[in-house]
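Please find the sequence and the predicted model below.
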Amino acid sequence: MGPIFNFIKRYGKFAFLILLLISLYRIADIVMGVMANIFYLEKGYEIKDIATFSKFFGLIATIFGGFLGGFIAMKFGTYRALLIGAITAALTNVLFAFLAIAEKNLIYLATIIMADNLASGFAGAAFVVYLSSLTSIRFTATQYALFSSLMLFIPKLIAGYSGAIVDVINYPFFFIFTAILGLPVIFIIIYLNRIK
């Protein structure tokens with residue numbers, strides 16, 4: 001219990017809000033991400049094209065986004081990087097809504113996958129910097145492990161119902177829904193940045 005009490009003692013009344021931010025920060029990405037490959041296939045894209053754009057170009061975009069996110073966090077501050085990451089994560093989900101209603105087009109597919117991976121890499125790097133800044137020197141490993149577990153709990157819980165949600169509202173509205181899930185994160189970051 002030491003790591004938990006240490007965290008609460010250091011952040012006081014804002015500890016819960018910080019934990020809420022941690023638990024929701026990647027929600028837009030994770031809830032949408034579980035349906036991405038299924039969506040591509042149902043849209044009629046071939047596996048080889050999906051693999052090329054997701055695993056090759058997407059990986060390059062993720063790595064570049066990670067470097068960019070880390071640089072922005074160090075240069076302009078963690079909260080600014082977190083905010084950019086949260087906004088871009090939500091916006092790229094809106095791009096998937098466009099992909100869902102657009103005609104099958106490999107340029108659209110490649111562009112949107114790379115934009116999503118770039119945003120994901122950026123947000124991931126900014127988030128790692130943020131989590132690292134929250135840990136105490138005495139409890140670094142334990143607190144970081146707890147934060148990482150908390151980060152996935154709510155998003156994975158909701159992501160388990162993604163297929164059922166798509167069945168009810170279809171892909172375009174599902175992607176909009178996942179973008180909306182990211183809005184509370186943006187407001188929490190703005191608030192924490194003001195009172196820090």
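In hand now; what should we look at? Residues are numbered from 1 along each chain as shown.

all contacts plus neighbour counts: C-alpha atoms, from now on.
Noted.

sec struct for Ser136, please.
Under the three-state scheme (DSSP: H, G, I helix; E, B strand; the rest coil), Ser136 adopts coil.

in the worst-scoring helix or strand of the chain on mean pLDDT, what counts as buried?
Across the helices and strands of the chain, the lowest-confidence element by mean pLDDT, DSSP states H and E is helix 2-11, at a mean of 81. Of the residues in helix 2-11, those with enough neighbours to count as buried (16 or more other CA atoms under 10 Å) are 3, 6-7.

which phi and psi does Phe139 have?
phi -130, psi 30 (degrees, to the nearest 10).

hang on, it packs against Ile4?
No. When contacts are counted by CA atoms under 8 Å, Phe139 is not listed as touching Ile4 (9.2 Å).

ok so, going back, which strands and helices sit next to the least confident helix or strand of the chain?
With contacts defined as 3 or more CA pairs under 8 Å, 6 or more residues apart in numbering; DSSP states H and E, helix 2-11 has these neighbours: helix 140-159.

List just the nearest of the buried residues of helix 2-11 to Gly121.
If you rank the buried residues of helix 2-11 by distance to Gly121 using CA to CA, Phe7 comes first, at 27.0 Å.

For Pro155, see how far away Tyr161 is.
In this structure, Tyr161 and Pro155 are 10 Å apart, going by CA to CA, to the nearest Å.

more neighbours, these two?
Just comparing Tyr161 and Pro155: by other CA atoms under 10 Å the higher neighbour count belongs to Pro155, 21 against 12.
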